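Participant: Fold the stuff below for me.
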Amino acid sequence: MVATLGDYHVHALGHGEGEFTLGRLEEFALQAHKAGLAELGLAEHDELLHRFDGEVWASACRGNRPISLRLGLEVSFRPGRLREIRALATRYPFDYLIGSVHDLDGWPFDHPDYREGYQAWEIDELYREYFRVVAQAAQSGLFDVIGHLDLVKVFGYRSRRPVVELAAAALQAIADAGLAVEINTAGLFKPAAEIYPAEELLRACLARGIPITFGSDAHRAAEVGRELWRAAALARRVGYRSYVRFRRRRAELVPL
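Facilitator: Numbers count the residues shown, from 1 in each chain. A predicted model of the protein is given here:
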């Protein structure tokens, strides 16, 4: 089931602990091949873009291997960063940009060192605020993919009201902007113990005609392609029969 998939959410630099070398990129590519993937999409965190080496990337792309390499960027979206993000998007010939919300008003809610911040919120209000910023990311016109759509559940704090209701405006903004949503398996290895997005949110995406990509959120080579078969199975179960690949910011539908 994974044989034609691409892993579009991979960080060779990790959170800064990795080195951007040809050898490290080859490790990631080899693991992608072992996982049976057709494409590997490198999407470093934007704050580490200064450590990206275009010559090393070009050398990796010239290598003779059975998978295709794509260049992405995961951008931490904040409402005040629009001009900065536009400039980042022109730095390299990116195939796609992932827009992700990792913090709210400076609070990095997905970082375990700041987990106590959840205690300051009524949980449904937190979900509303999170999805409000996700909607702004979609409306910015800067991205091709929205990353880990319901990341706010990372530590297992679940909304009391139906999450589809709280996310409705964000889902409509994503659909109106023609963006894809990724099915990201990293949530399986967090306290949430669930793929991003939850099945009910993915069904709501399908109902709105929102396409999908796949990502492991790998920060080490061994994590590339991790549990993507479960992501593909989830997608088919809710009714998806295609996903999208990107090249130079242009999407192509591929049968699932």
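
Participant: Closest to the mean position in this protein, which residue would that be?
Facilitator: residue 147 (3.2 Å; C-alpha atoms, centre = their mean).

Participant: from memory that residue sits against residue 183, does it?
Facilitator: No. Residue 147 is beyond contact range of residue 183, at 10.7 Å (criterion: C-beta atoms under 8 Å). In short, each C-beta sits where N, CA and C put it, glycine included.

Participant: and for the two, which residues touch both?
Facilitator: Shared contacts of residue 147 and residue 183 (C-beta atoms under 8 Å, 6 or more residues apart in numbering): residue 215.

Participant: Buried by neighbour count: which residues of the longest helix seen in the chain qualify?
Facilitator: In the chain, taking DSSP state H as the definition, the longest helix is helix 123-139. By 16 or more other C-beta atoms under 10 Å, the buried positions in helix 123-139 come out as 126-138.

Participant: From the contact counts, what lies against the next helix or strand after it?
Facilitator: Downstream of helix 123-139, the next assigned helix or strand under DSSP states H and E is strand 145-146. If contacts are counted by 3 or more C-beta pairs under 8 Å, 6 or more residues apart in numbering; DSSP states H and E, strand 145-146 sits against strand 96-100, helix 123-139, strand 180-184.

Participant: would you list those in JSON lines and tack on distance to residue 236?
Facilitator: What follows is those, written out as JSON lines (distance: least, C-beta to C-beta, whole Å):
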{"stretch": "strand 96-100", "distance to residue 236": "23"}
{"stretch": "helix 123-139", "distance to residue 236": "25"}
{"stretch": "strand 180-184", "distance to residue 236": "11"}
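
Participant: Among these, which comes closest to residue 168?
Facilitator: helix 123-139 (8.3 Å; C-beta to C-beta).

Participant: Kindly format the C-alpha coordinates of that closest one as CSV.
Facilitator: Output in CSV follows, covering the C-alpha atoms of helix 123-139 (Å, rounded to 0.1, in the frame of the first residue of the first chain):
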residue,chain,number,x,y,z
ILE,A,123,-9.8,23.5,26.3
ASP,A,124,-12.4,24.4,23.8
GLU,A,125,-11.2,28.0,23.7
LEU,A,126,-7.7,26.8,23.1
TYR,A,127,-8.9,24.7,20.2
ARG,A,128,-10.8,27.7,18.8
GLU,A,129,-7.8,29.9,19.0
TYR,A,130,-5.5,27.3,17.4
PHE,A,131,-7.9,26.7,14.5
ARG,A,132,-8.3,30.5,14.1
VAL,A,133,-4.6,30.8,13.4
VAL,A,134,-4.7,27.7,11.2
ALA,A,135,-7.4,29.5,9.1
GLN,A,136,-5.1,32.6,8.9
ALA,A,137,-2.3,30.4,7.6
ALA,A,138,-4.6,29.0,4.9
GLN,A,139,-5.8,32.5,4.0
